[in-house]
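**Student:** After the sequence you'll find the predicted model.
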Amino acid sequence: MFSIPGKQAVTLTPRAATHISKLMAREGHQGLRLGVKKGGCAGMEYTMEYARTVDPLDEVVEQDGARVMIAPMAQMFLFGTEIDYEVSLLESGFKFRNPNVTEACGCGESIKFDETLTPGGPA
(Lines give C-alpha, C1' and ligand atoms only; values in the text may rest on other atoms or scores of the structure.)
Protein backbone atom coordinates (compact mmCIF):
# COMPACT_ATOMS: atom_id res chain seq x y z
CA MET A 1 0.00 0.00 0.00
CA PHE A 2 1.08 3.53 -0.73
CA SER A 3 0.65 5.64 2.40
CA ILE A 4 2.40 7.96 4.78
CA PRO A 5 1.83 7.27 8.48
CA GLY A 6 -0.68 9.71 9.98
CA LYS A 7 -1.83 11.09 6.59
CA GLN A 8 -5.01 10.02 4.82
CA ALA A 9 -4.62 9.08 1.18
CA VAL A 10 -7.50 11.39 0.18
CA THR A 11 -9.56 14.00 1.99
CA LEU A 12 -13.24 14.78 1.58
CA THR A 13 -14.80 18.20 1.76
CA PRO A 14 -17.87 18.42 4.04
CA ARG A 15 -20.13 18.45 0.93
CA ALA A 16 -18.51 15.28 -0.44
CA ALA A 17 -18.70 13.50 2.92
CA THR A 18 -22.37 14.41 3.30
CA HIS A 19 -23.22 13.20 -0.20
CA ILE A 20 -21.28 9.94 0.20
CA SER A 21 -22.97 9.31 3.58
CA LYS A 22 -26.40 9.79 1.97
CA LEU A 23 -25.50 7.38 -0.84
CA MET A 24 -24.28 4.80 1.67
CA ALA A 25 -27.47 5.05 3.74
CA ARG A 26 -29.83 5.00 0.76
CA GLU A 27 -28.13 2.18 -1.11
CA GLY A 28 -26.95 0.11 1.86
CA HIS A 29 -23.36 -0.12 0.64
CA GLN A 30 -20.13 -0.09 2.63
CA GLY A 31 -18.93 2.99 0.76
CA LEU A 32 -17.55 4.07 -2.59
CA ARG A 33 -14.51 2.46 -4.23
CA LEU A 34 -12.26 4.85 -6.13
CA GLY A 35 -9.89 3.84 -8.87
CA VAL A 36 -8.30 4.90 -12.14
CA LYS A 37 -8.29 3.23 -15.54
CA LYS A 38 -6.78 3.85 -18.94
CA GLY A 39 -9.06 5.83 -21.22
CA GLY A 40 -10.19 9.23 -22.34
CA CYS A 41 -8.35 11.75 -24.45
CA ALA A 42 -5.71 12.53 -21.79
CA GLY A 43 -4.94 8.87 -21.04
CA MET A 44 -6.58 8.04 -17.68
CA GLU A 45 -10.01 8.34 -16.06
CA TYR A 46 -11.27 8.17 -12.50
CA THR A 47 -13.63 5.35 -11.60
CA MET A 48 -16.16 5.33 -8.78
CA GLU A 49 -18.47 2.48 -7.84
CA TYR A 50 -20.55 1.31 -4.92
CA ALA A 51 -18.73 -1.18 -2.69
CA ARG A 52 -20.60 -3.94 -0.89
CA THR A 53 -17.44 -5.21 0.80
CA VAL A 54 -14.04 -3.84 1.77
CA ASP A 55 -11.15 -5.53 0.01
CA PRO A 56 -8.25 -6.20 2.41
CA LEU A 57 -5.87 -4.38 0.03
CA ASP A 58 -8.03 -1.25 -0.24
CA GLU A 59 -6.89 1.93 1.47
CA VAL A 60 -9.93 2.90 3.56
CA VAL A 61 -10.66 6.55 4.35
CA GLU A 62 -13.45 7.35 6.77
CA GLN A 63 -14.48 10.93 7.37
CA ASP A 64 -17.67 12.41 8.87
CA GLY A 65 -19.71 9.22 8.36
CA ALA A 66 -18.49 8.67 4.79
CA ARG A 67 -16.24 5.83 3.66
CA VAL A 68 -14.21 5.58 0.48
CA MET A 69 -12.00 2.69 -0.48
CA ILE A 70 -9.10 3.21 -2.84
CA ALA A 71 -8.27 0.28 -5.07
CA PRO A 72 -4.63 -0.88 -4.74
CA MET A 73 -3.59 0.13 -8.28
CA ALA A 74 -4.99 3.66 -7.78
CA GLN A 75 -3.42 4.50 -4.42
CA MET A 76 -0.27 6.17 -5.75
CA PHE A 77 -2.28 8.19 -8.29
CA LEU A 78 -4.83 9.47 -5.75
CA PHE A 79 -2.55 10.21 -2.80
CA GLY A 80 -3.06 13.82 -1.70
CA THR A 81 -6.35 14.26 -3.59
CA GLU A 82 -9.21 16.34 -2.20
CA ILE A 83 -12.66 15.19 -3.27
CA ASP A 84 -15.49 17.71 -3.37
CA TYR A 85 -19.13 17.51 -4.43
CA GLU A 86 -20.28 20.49 -6.48
CA VAL A 87 -23.75 21.47 -7.63
CA SER A 88 -24.33 24.03 -10.39
CA LEU A 89 -27.16 24.94 -12.75
CA LEU A 90 -25.82 22.64 -15.47
CA GLU A 91 -24.32 19.71 -13.56
CA SER A 92 -23.55 18.17 -10.23
CA GLY A 93 -20.97 15.62 -9.24
CA PHE A 94 -17.74 14.76 -7.55
CA LYS A 95 -14.69 16.89 -8.36
CA PHE A 96 -11.16 15.64 -7.78
CA ARG A 97 -8.42 18.12 -6.89
CA ASN A 98 -5.41 15.93 -7.45
CA PRO A 99 -1.84 17.27 -7.13
CA ASN A 100 -0.55 14.33 -9.21
CA VAL A 101 -2.40 15.39 -12.38
CA THR A 102 -0.29 17.18 -14.97
CA GLU A 103 -2.95 17.58 -17.69
CA ALA A 104 -6.72 17.34 -18.01
CA CYS A 105 -8.84 17.30 -21.14
CA GLY A 106 -11.31 20.06 -21.92
CA CYS A 107 -14.32 18.04 -20.81
CA GLY A 108 -12.74 17.37 -17.40
CA GLU A 109 -13.36 13.63 -17.58
CA SER A 110 -9.85 12.53 -18.55
CA ILE A 111 -6.52 13.18 -16.85
CA LYS A 112 -2.81 12.60 -17.26
CA PHE A 113 -0.53 11.89 -14.31
CA ASP A 114 3.06 12.78 -13.59
CA GLU A 115 5.10 10.30 -15.65
CA THR A 116 7.10 9.23 -12.60
CA LEU A 117 3.88 7.61 -11.27
CA THR A 118 2.97 5.65 -14.38
CA PRO A 119 4.40 2.20 -15.08
CA GLY A 120 7.21 2.51 -17.59
CA GLY A 121 7.58 6.25 -16.93
CA PRO A 122 10.87 7.93 -15.99
CA ALA A 123 12.50 6.55 -12.88
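**Tutor:** Yep, it's here. Residues are numbered from 1 along each chain as shown.
**Student:** how about the residue nearest to the spatial centre of the chain, what does it touch?
**Tutor:** Centroid check for the chain by C-alpha atoms, centre = their mean gives Leu34 as the closest residue, at 4.5 Å. Residues near Leu34 by C-beta atoms under 8 Å, 6 or more residues apart in numbering: Val10, Tyr46, Thr47, Met48, Val68, Met69, Ile70, Ala71, Ala74, Leu78. In short, each C-beta sits where N, CA and C put it, glycine included.
**Student:** beta partners of it?
**Tutor:** Taking DSSP bridges as the rule, Leu34 bridges to Met48, Ile70.
**Student:** Okay, buried residues for the helix ranked longest in the chain please.
**Tutor:** As assigned by DSSP state H, the longest helix anywhere in the chain is helix 14-27. Going by neighbour count (16 or more other C-beta atoms under 10 Å), the buried part of helix 14-27 is Ala16, Ala17, His19, Ile20, Ser21, Met24.
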